[in-house]
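Colleague: Pasting a predicted model and its sequence here:
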Amino acid sequence: MRDILEELPNALMPDLALESEAPGVLRDLVDDDLVRPSAEEDVQQDSGRSKRSPLARHVDVLIDAFDPSLSTTIGLRLSVEGARLRALAVEVGAVHQGLERRAVGLAIDSPALFALVGLAEPALIAQLAVARAVERLAGRSAPAMTTTWRLLALDLAIVVENARVLGDIARSVPRLQRVLRDVVTAANAALAGLVVGDRFGCPFRLRSAIPAEERQTLARRLADLDAAARLVDDDRFSRLTARLDGAGVLDLDHARRFGVDGPVLRAAGGHDEFAADLGDLGAGADVGRATSGCTGARLRVRIADLRSAARRATTRLAGLDLVGVVDEAAVVVDVARLDGTADAIVRGPNGSTSCFIDVRGGVVQRLRLRPADLPLVGAIPRAMRGVLLDDIGEVLASFGLRATAIDR
């Protein structure tokens, strides 16, 4: 062993003092600007990245569903440069439910048809759009009582979706997030008692009558919803929106170019001016500083939509006794004789959902659904350019994109 140590000095016990004075291996400096052009030949150049940026600062990140059998039907491809997002692509269709194709051959009043379109979240919006299209084809309208119940359920769906979006963004404010979760819970409880058994998935009437005791339960749940909504602290919410002002801007010109409406359009300064078959106009674009088209503006429009929809639901329940009652069993239409095409538009939490239906002998020959989420697929990449990495989650969540709605 002594001979080995003498032949190999510092092999087992290095001399730290000696090594600290030794310069070590000399390395040639590598100029990244000289290496980058040849190395970049194998890297796809995206339109949002500067050609003068060093290759080491540019990273492509792919986010896909970890299991294609799940309902997570979108993937994201992010191009990151430094601390900002340079480009984003939304990749749709990990599941391909094929809702429109599977609807062919079903009767227009069958529960199977409305259960199928109900797979696109939120289920109530697509079901009401199909029901209104069938009613327009038949040239008949639902009774006033049915229409009021539909509008009330639609208001609750608007509260649920807007509170869900705001809760996803308020993660940095735990107390505000807890309050918004309570709003979601209260609104979901009120809505669940109405939509049980796809009650609204039926043209001309409700699939089943709403009993009197359910009205009493709904009144208590709406009171809980009103109490939960009043706890949303305006100061905390203002600080949250102020932090996100200027992030993820989608201006009015691009919002109209992509065909976006609803909260995103109104946050950019536009208005929902076209006629709809069902649903109320949302809060105007004059809510605070809601004309900039940024994430903060979208949040202010959504909280205004939430509060106005909660008030409308309470008012509609109180006025149900004043609505002219029509015997819904008397609204009878022979759907087997219906032929032709029709369309309908329903305003929901993210904008308008349209439906086109082609019917022959009361059977669906063609069905097309255009959810409000569909134009967001093109608009989101535009708004995400230049967003800081720390704000990506909040900006993306502010659009309220539902994956199941766009994977048809």
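Modeller: All right, it came through fine. Numbers count the residues shown, from 1 in each chain.

Colleague: Neighbours of residue 163, how many?
Modeller: By other C-beta atoms under 10 Å, the residues close to residue 163 number 29. From N, CA and C alone the C-beta is placed, and that goes for glycine too.

Colleague: Which helix or strand contains it?
Modeller: Element membership for residue 163 (DSSP states H and E) is helix 144-169.

Colleague: mind listing what's buried in that helix?
Modeller: 145-146, 148-169 (16 or more other C-beta atoms under 10 Å).

Colleague: got the contact list for stretch 253-264?
Modeller: With contact meaning C-beta atoms under 8 Å, 6 or more residues apart in numbering, stretch 253-264 is reached by 162, 250, 265, 268, 270, 272, 282, 293, 298, 301-302, 305, 347-352, 372, 375-376, 378-379, 382, 399-400.

Colleague: hang on, the earlier thing: buried residues in the next helix or strand after the helix holding residue 163, which are they?
Modeller: Downstream of helix 144-169, the first helix or strand assigned by DSSP H and E is helix 174-195. Using 16+ other C-beta under 10 Å as the test for burial, helix 174-195 gives 176-177, 179-184, 186-191, 193-195.

Colleague: So which elements touch helix 174-195?
Modeller: In terms of contacts (3 or more C-beta pairs under 8 Å, 6 or more residues apart in numbering; DSSP states H and E), helix 174-195 is packed against helix 123-138, helix 144-169, helix 212-230, helix 234-244, helix 295-318.

Colleague: Whichever helix or strand comes after the fourth one: how far from the chain's middle?
Modeller: Next in sequence after helix 234-244, counting helices and strands by DSSP H and E, comes helix 252-257. Distance of helix 252-257 from its chain centroid, counting by C-alpha atoms, centre = their mean, to the nearest Å, is 18 Å.

Colleague: Repeat that for stretch 117-135.
Modeller: 17 Å.

Colleague: Only alpha carbons, please: show that stretch as PDB.
Modeller: Provided in PDB are the C-alpha atoms of stretch 117-135 (Å, rounded to 0.1, in the frame of the first residue of the first chain):
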ATOM      1  CA  VAL A 117     -75.000  16.500 -25.600                       C
ATOM      2  CA  GLY A 118     -74.900  17.000 -21.800                       C
ATOM      3  CA  LEU A 119     -71.400  15.500 -21.900                       C
ATOM      4  CA  ALA A 120     -70.200  18.900 -23.100                       C
ATOM      5  CA  GLU A 121     -69.800  21.000 -19.900                       C
ATOM      6  CA  PRO A 122     -71.700  22.900 -18.700                       C
ATOM      7  CA  ALA A 123     -74.300  20.400 -19.700                       C
ATOM      8  CA  LEU A 124     -77.300  22.700 -19.200                       C
ATOM      9  CA  ILE A 125     -76.200  25.100 -22.000                       C
ATOM     10  CA  ALA A 126     -76.000  22.600 -24.800                       C
ATOM     11  CA  GLN A 127     -79.200  20.900 -23.700                       C
ATOM     12  CA  LEU A 128     -81.200  24.100 -23.800                       C
ATOM     13  CA  ALA A 129     -79.700  25.000 -27.200                       C
ATOM     14  CA  VAL A 130     -80.900  21.700 -28.700                       C
ATOM     15  CA  ALA A 131     -84.300  22.100 -27.100                       C
ATOM     16  CA  ARG A 132     -84.800  25.600 -28.400                       C
ATOM     17  CA  ALA A 133     -83.700  24.600 -31.900                       C
ATOM     18  CA  VAL A 134     -86.400  21.800 -31.900                       C
ATOM     19  CA  GLU A 135     -89.000  24.200 -30.700                       C
END
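
Colleague: hey, which helix or strand in this protein has the poorest pLDDT?
Modeller: Least confident helix or strand, the chain: helix 32-39 with a mean of 45, by mean pLDDT, DSSP states H and E.

Colleague: So what's the residue count around residue 89?
Modeller: A count of nearby residues for residue 89, using other C-beta under 10 Å, gives 15.

Colleague: Kindly report the same for residue 59.
Modeller: Quick note: residue 59 (other C-beta under 10 Å) scores 12 neighbours.

Colleague: Not counting sequence-adjacent ones, nearest residue to it?
Modeller: Closest residue in space to residue 59, ignoring its immediate chain neighbours: residue 80 at 4.7 Å, by C-beta to C-beta, 6 or more residues apart in numbering.

Colleague: cool, and residue 108?
Modeller: residue 134 (5.0 Å).

Colleague: ok, the one you found - how many residues close by?
Modeller: 25.

Colleague: wait, doesn't it sit right on residue 356?
Modeller: No - under the criterion of C-beta atoms under 8 Å, residue 134 makes no contact with residue 356, lying 11.8 Å away.

Colleague: Next, show the common contact partners of those two.
Modeller: Common contact partners of residue 134 and residue 356 (C-beta under 8 Å, 6+ apart): residue 342.

Colleague: who's in contact with residue 107?
Modeller: Residues near residue 107 by C-beta under 8 Å, 6+ apart: 113, 335, 362, 363, 364.

Colleague: Pipe those into JSON lines and attach pLDDT per row.
Modeller: JSON lines is the format used below for the contacts of residue 107 (pLDDT from 0 to 100):
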{"residue": "113", "pLDDT": "93"}
{"residue": "335", "pLDDT": "84"}
{"residue": "362", "pLDDT": "91"}
{"residue": "363", "pLDDT": "95"}
{"residue": "364", "pLDDT": "94"}
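
Colleague: Could you tell me which of those residues belong to helices?
Modeller: Mapping these onto helices (DSSP state H) picks out residue 113.

Colleague: out of the contacts of residue 107, which is most surrounded?
Modeller: Counting neighbours by other C-beta under 10 Å, residue 113 leads the contacts of residue 107 with 26 neighbours.

Colleague: Please give me every residue in contact with it.
Modeller: So residue 113 contacts 103, 106, 107, 130, 201, 364 (C-beta under 8 Å, 6+ apart).

Colleague: hmm, 7 Å instead?
Modeller: 103, 106, 107, 364 (C-beta atoms under 7 Å, 6 or more residues apart in numbering).

Colleague: Could you report the separation of residue 76 from residue 261?
Modeller: 24 Å (C-beta to C-beta, to the nearest Å).
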